[in-house]
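> need a 3D model of the following:
(one chain, ligands or ions: 1)
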Amino acid sequence: MRKIQIAIDGPAGAGKSTVARQVASNLNYLYIDTGAMFRALTYEAIKANIHFSDAAGLKKLLENTEIHLIQDKVGQKVIVNGEDVTEAIRSQEVTNAVSKVAVHKEVREEMLTRQRFLAKNGGVVMDGRDIGTCVLKDAALKIFLTASVEERARRRFEELLSKGVSTNLDELQTEIELRDRQDSEREIAPLKKAEDAIVIDSTNLSIQEVVNKILGLVKERN
Ligand code: C5P
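Next up is the predicted model:
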């Protein structure tokens, strides 16, 4: 089978990472979680005390930040300058700040170069917000994965609960809405469905059903 590029975009908490990882594993493709790259930079900015509005400072920081996404049997590890930040980049602090870091042209240009380099050989599933519209404009398959905001908040609530973190459902929904708004309204590479993307609404679908749908679409393209 031809090894293609698959772009999966959509709002926060739509299940992109879980679905993308399973599709990649099924096809023996590389999975690239671009959100993790922006989260890694945000984590480093907090550590280095660089203000989220300081575009030049963030650019410089990114130039000195090596980000490795490593696949293993249990999932994905995120290593930044040799430190395992897999858990740390999922903190509430990073989650609430990442859209402010991702807004800057200087940051996005460098991320774009890195992301295109990682995808250059095909056989890749990349998820994010601007993959179909910007990073991999020529991807053979583009998916826009969405779900109602209530359902996305509920899933996040359950996920946190399973990790022993109890949160407030309404607060989670407000945070998700805010992040979506910031990501959709930014000037550069906003969250948007690519014209040629196929919309999958996962509100009433299981992860397996979404994965199967995408695998079916991959087959059609081969
Ligand atoms: O996918 P995840 O929720 O981990 O993404 C975290 C944040 O990174 C998003 O809310 C967005 O601000 C930013 N992001 C982006 N472009 C991408 C992927 C993520 O701006 N391609």
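> going forward, measure contacts between C-alpha atoms and count neighbours the same way
OK.
> can you give me the strands in this structure?
Remark: strands assigned in the chain by DSSP state E are 5-9, 30-33, 67-71, 76-80, 83-84, 124-128, 141-146, 198-201.
> and the fourth one, C-alpha only, in CSV?
Taking Å, rounded to 0.1, in the frame of the first residue of the first chain, the C-alpha atoms of strand 76-80 are listed here in CSV:
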residue,chain,number,x,y,z
GLN,A,76,3.9,8.5,23.3
LYS,A,77,6.8,10.0,25.3
VAL,A,78,7.7,13.6,24.9
ILE,A,79,11.3,14.4,25.6
VAL,A,80,12.5,18.0,25.8
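> that one pairs with which strands, parallel or anti?
strand 67-71 (antiparallel), strand 83-84 (antiparallel) (DSSP bridges).
> how many residues are close by Arg2?
10 (other C-alpha atoms under 10 Å).
> before we move on, what about Met111?
Met111: 18 neighbours (other C-alpha under 10 Å).
> what of Arg116?
So Arg116, with other C-alpha under 10 Å, has 13 neighbours.
> and the contacts of stretch 159-168?
Phe157 (C-alpha atoms under 8 Å, 6 or more residues apart in numbering).
> let me have the strands of the chain in TSV, extended by mean pLDDT and mean neighbour count.
Shown next, in TSV, are the strands of the chain (pLDDT from 0 to 100; neighbours: other C-alpha atoms under 10 Å):
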stretch	mean pLDDT	mean neighbour count
strand 5-9	98	27
strand 30-33	96	23
strand 67-71	94	17
strand 76-80	95	18
strand 83-84	97	12
strand 124-128	98	27
strand 141-146	98	24
strand 198-201	98	16
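> to Ile50, which of those lies closest?
With C-alpha to C-alpha, the closest approach to Ile50 among the strands of the chain belongs to strand 76-80: 16.6 Å.
> return the distance of the closest one from the chain's centre.
Between the centre of strand 76-80 and the centre of its chain there are 14 Å (C-alpha atoms, centre = their mean, to the nearest Å).
> mean confidence for the helix ranked longest in the chain?
As assigned by DSSP state H, the longest helix anywhere in the chain is helix 169-185. Here helix 169-185 scores 96 as its mean pLDDT.
> now Lys100, nearest residue through space, not along the chain?
Phe52 (6.0 Å; C-alpha to C-alpha, 6 or more residues apart in numbering).
> sorry, back to before: which other helices and strands contact the longest helix of the chain?
Using 3 or more C-alpha pairs under 8 Å, 6 or more residues apart in numbering; DSSP states H and E as the contact test, the elements touching helix 169-185 are helix 92-101, helix 149-162.
> outside of the shortest one itself, list whatever touches it.
Think helix 92-101. Contact partners of helix 92-101, identified using C-alpha under 8 Å, 6+ apart, comprise 38-39, 41-43, 52-53, 58, 89, 107, 175, 179, 182-183.
> got JSON lines for the strands paired with strand 76-80, with distance to the ligand too?
Formatted as JSON lines, those follow (distance: least, C-alpha to the nearest ligand atom, whole Å):
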{"stretch": "strand 67-71", "distance to the ligand": "13"}
{"stretch": "strand 83-84", "distance to the ligand": "16"}
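> between these, which one is closest to Thr113.
Using C-alpha to C-alpha, those put strand 67-71 closest to Thr113, at 13.0 Å.
> with only the CA atoms kept, save the closest one in CSV.
Output of strand 67-71 as CSV, limited to C-alpha atoms (Å, rounded to 0.1, in the frame of the first residue of the first chain):
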residue,chain,number,x,y,z
ILE,A,67,11.7,18.2,21.2
HIS,A,68,11.5,14.4,20.6
LEU,A,69,8.2,12.5,20.2
ILE,A,70,8.9,8.9,20.9
GLN,A,71,6.4,6.1,20.3
